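Chemist: here is my input, please return the structure:
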Amino acid sequence: MAKKQKKIKPKQVPTKRQLSKWQRQTKMRRIIIIAAAVFLAGIVGYVGHGYYNSEIKPLREVVIEVNDTSFTMGYYVKMLDAFAKGTQPSQLSYMADIIANQIIANELLKQGTESLGINAKAQEINARMKESKTPDSKASRDMVAATILREKLLDYCGSQLPDTMEQANTQVLLVESEEVANEVIDKIENGEDFSTLVKEFSYDSKSKEKGGDLGWLPLELMPNSLIGDAVFSSESNELSKIYDKSASKSVGYWLIEVTDKDEEKGIKARAILLSSKQEADEVKAELTDENFAELAKKYSQHESKDKGGELGWLKKGDTKSEAFDKVAFALETDKISEPVKDKSVQTTGGYWVVKVLEKSEHELNDEVRKGLAYNDFTEWFQIQKETSTINNYLDEEKKKFAIERVLKGK
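Modeler: Numbers count the residues shown, from 1 in each chain. Coordinates of the predicted model:
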């Protein structure tokens, strides 16, 4: 029996109208997909461009140049971050300028020492970083390298010094006035011990710790040029006195006038702060009610001088000076006080009493050698700085950006 053949349905052929519709739909889908892709690419590009401009591009900007070497914002941020470890955020603004100067100093040191054959080797840097447990980074390595170079340059400067130099063994004493200087000189000439007089009269804390004894020093290491010139133009055992207008000391003398009193407000006062009792006596001899402001502007070392010495209304403790309060609050109205000694204030101006014990060609001890080496190092660095081309492009906006980057990383 023959098998029954399946009936094959004829293929449905789309009409021209249907075909046209499908083609339009496919084309539309393609257009939509392309448009979406372009839109998405635009969004990504826009966001990426904004991110690049705000976050990446500034880090690649050159902010410091030292001769032919450039430093980017990224490097500056890393240096600021490395130095700022353990620093309060409020101090970063202060640190920003210090770090810029440090980058410049480090590079000047690196460039300058190359010509002397001085360098910081990788193994030296690694050992120092391991010893100090410093995290490894370009900024940290540069800081450590600069420290090593500084030490080596100081050693080099010391090695260039002679074994002996002309030096003087000297004693010094800083007093407040010429009158006291003459008194001290008389006592020394009458056989009183210099070191004992230093304890009684001197206002220079540094030399006072050693009884006024400077030891053997060359001219270059004298406390200042005034003392140096006096010492090296004097004979052994010669005494001299020198006025030093810049000498700072913890003593001053007030001339106080109370112009009004009130139970609630306290006292209304004006005052002149002077460097010595001798000066205070001389100014008081000139003082009248009419010229008080004029003399205050001329002689006073207190910040009120520009106001003619006017302090306004005061209560006890406002001036933070017990010596001032003790006299001022007991003073009669419109009466000028005698000079009031106050050791809680700083004034400038005084007389050095100088005694040269001995002068000769003397061997350099370790302390003197270090001092001279440091002077030579400072002079070398200054020359390096003056003969280099240095550009610092960091403005307030750029420093603010760097600080924000550091704070983000904290």
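
Chemist: now A296: which helix or strand?
Modeler: Using DSSP states H and E, A296 sits within helix 292-299.

Chemist: repeat that for K78.
Modeler: Per DSSP H and E: K78 is located in helix 73-83.

Chemist: what separates that helix from the chain centre, distance-wise?
Modeler: Offset of helix 73-83 from its chain centre (C-alpha atoms, centre = their mean, to the nearest Å): 19 Å.

Chemist: which residues does that helix contact?
Modeler: Residues from elsewhere that reach helix 73-83 (C-beta atoms under 8 Å, 6 or more residues apart in numbering): 58-64, 92, 95-96, 98-100, 102-103, 137-140, 142-143, 394, 398, 401-403, 405-406, 409. Every residue, glycine included, has its C-beta placed from N, CA and C.

Chemist: what's the helix holding A296 packed up against?
Modeler: With contacts taken as 3 or more C-beta pairs under 8 Å, 6 or more residues apart in numbering; DSSP states H and E, helix 292-299 sits against strand 266-274, helix 277-286.

Chemist: which residues sit against the last one?
Modeler: Contacts of helix 277-286 with the rest of the structure, by C-beta under 8 Å, 6+ apart, involve 176-180, 253-255, 272, 274, 295, 299, 336, 338-339, 341.

Chemist: repeat that with 7 Å
Modeler: By C-beta atoms under 7 Å, 6 or more residues apart in numbering, the residues outside helix 277-286 that reach it are S177, E178, E179, Y253, L255, I272, L274, L295, Y299, I336, P339, K341.

Chemist: got a quick ChimeraX command for the buried subset of those residues?
Modeler: Filtering the contacts of helix 277-286 down to the buried ones (16 or more other C-beta atoms under 10 Å) takes a single ChimeraX command:
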select :177,253,255,272,274,295,299,336,339
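
Chemist: the contacts of helix 277-286 into a markdown table, with extra columns for pLDDT and distance to G312?
Modeler: Converted to a markdown table, the contacts of helix 277-286 look like this (pLDDT from 0 to 100; distance: C-beta to C-beta, whole Å):
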| residue | pLDDT | distance to G312 |
| --- | --- | --- |
| S177 | 96 | 30 |
| E178 | 96 | 35 |
| E179 | 96 | 33 |
| Y253 | 98 | 21 |
| L255 | 97 | 17 |
| I272 | 98 | 15 |
| L274 | 98 | 20 |
| L295 | 97 | 19 |
| Y299 | 97 | 20 |
| I336 | 94 | 18 |
| P339 | 97 | 22 |
| K341 | 97 | 24 |
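
Chemist: which residue ranges of the stretch 201-350 of the chain form strands?
Modeler: Counting by DSSP state E, counting those that start in this stretch, residue ranges of the strands within the stretch 201-350 of the chain are 213-217, 239-249, 252-262, 266-274, 310-314, 340-342, 347-363.

Chemist: winner for burial among these?
Modeler: Counting by mean count of other C-beta atoms under 10 Å, strand 266-274 has the highest mean neighbour count of the strands of the stretch 201-350 of the chain, with a mean of 24.

Chemist: how about the CA coordinates for it, as CSV?
Modeler: C-alpha atoms of strand 266-274 as CSV (Å, rounded to 0.1, in the frame of the first residue of the first chain):
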residue,chain,number,x,y,z
GLY,A,266,39.9,99.9,86.6
ILE,A,267,42.6,102.5,85.6
LYS,A,268,43.2,104.4,82.4
ALA,A,269,46.9,104.6,81.9
ARG,A,270,49.7,105.5,79.4
ALA,A,271,53.3,104.3,79.6
ILE,A,272,56.7,104.3,78.0
LEU,A,273,58.9,101.2,78.0
LEU,A,274,62.6,101.9,78.0
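
Chemist: and that strand with helix 292-299, angle?
Modeler: Angle of strand 266-274 versus helix 292-299, following axes from the mean of the first three to the mean of the last three C-alpha atoms, to 10 degrees, is 40 degrees.

Chemist: which SS state does R128 fall under?
Modeler: Taken by DSSP: H, G, I helix; E, B strand; the rest coil, the conformation at R128 corresponds to helix.

Chemist: hang on, isn't it packed against A146?
Modeler: No - applying C-beta atoms under 7 Å as the test, R128 and A146 come out as separate, 11.1 Å apart.

Chemist: out of those two, which sits in the busier spot?
Modeler: When R128 and A146 are compared for neighbours, A146 comes out ahead with 20 against 17, by other C-beta atoms under 10 Å.

Chemist: that one - that's part of a helix, no?
Modeler: Yes - according to three-state DSSP, A146 belongs to a helix.

Chemist: could you find the closest non-adjacent residue to it?
Modeler: N106 (4.0 Å; C-beta to C-beta, 6 or more residues apart in numbering).

Chemist: for that neighbour, what is the enclosing helix or strand?
Modeler: With secondary structure defined by DSSP H and E, N106 is part of helix 92-114.

Chemist: for the residue lying closest to I99 once chain neighbours are set aside, give its distance to M95.
Modeler: With sequence-adjacent residues excluded and distances taken as C-beta to C-beta, 6+ apart, I99 is closest to L80, at 4.8 Å. Distance, L80 to M95, using C-beta to C-beta, to the nearest Å: 7 Å.

Chemist: repeat for K210
Modeler: Applying C-beta to C-beta to K210 and M95 gives a distance of 36 Å.

Chemist: circling back: ok, the residue nearest to A146 - how many residues close by?
Modeler: A count of neighbours around N106, defined by other C-beta under 10 Å, yields 20.

Chemist: kindly report the same for N291.
Modeler: Here the number of neighbours of N291 (other C-beta under 10 Å) works out to 11.

Chemist: buried subset of the contacts of helix 73-83?
Modeler: In the contacts of helix 73-83, the ones that pass as buried (16+ other C-beta under 10 Å) are 58-59, 63-64, 92, 95-96, 99-100, 102-103, 139-140, 142-143, 394, 398, 401-403, 405-406.

Chemist: pretty sure the residue nearest to A146 sits against V144.
Modeler: No - using C-beta under 7 Å, N106 makes no contact with V144, being 10.3 Å away.

Chemist: residue ranges in the stretch 51-200 of the chain under the pLDDT threshold?
Modeler: 51-56 (pLDDT under 70).

Chemist: one more time with 90, if that's ok
Modeler: Low-confidence segments of the stretch 51-200 of the chain (pLDDT under 90): 51-58, 81-94, 132-140.
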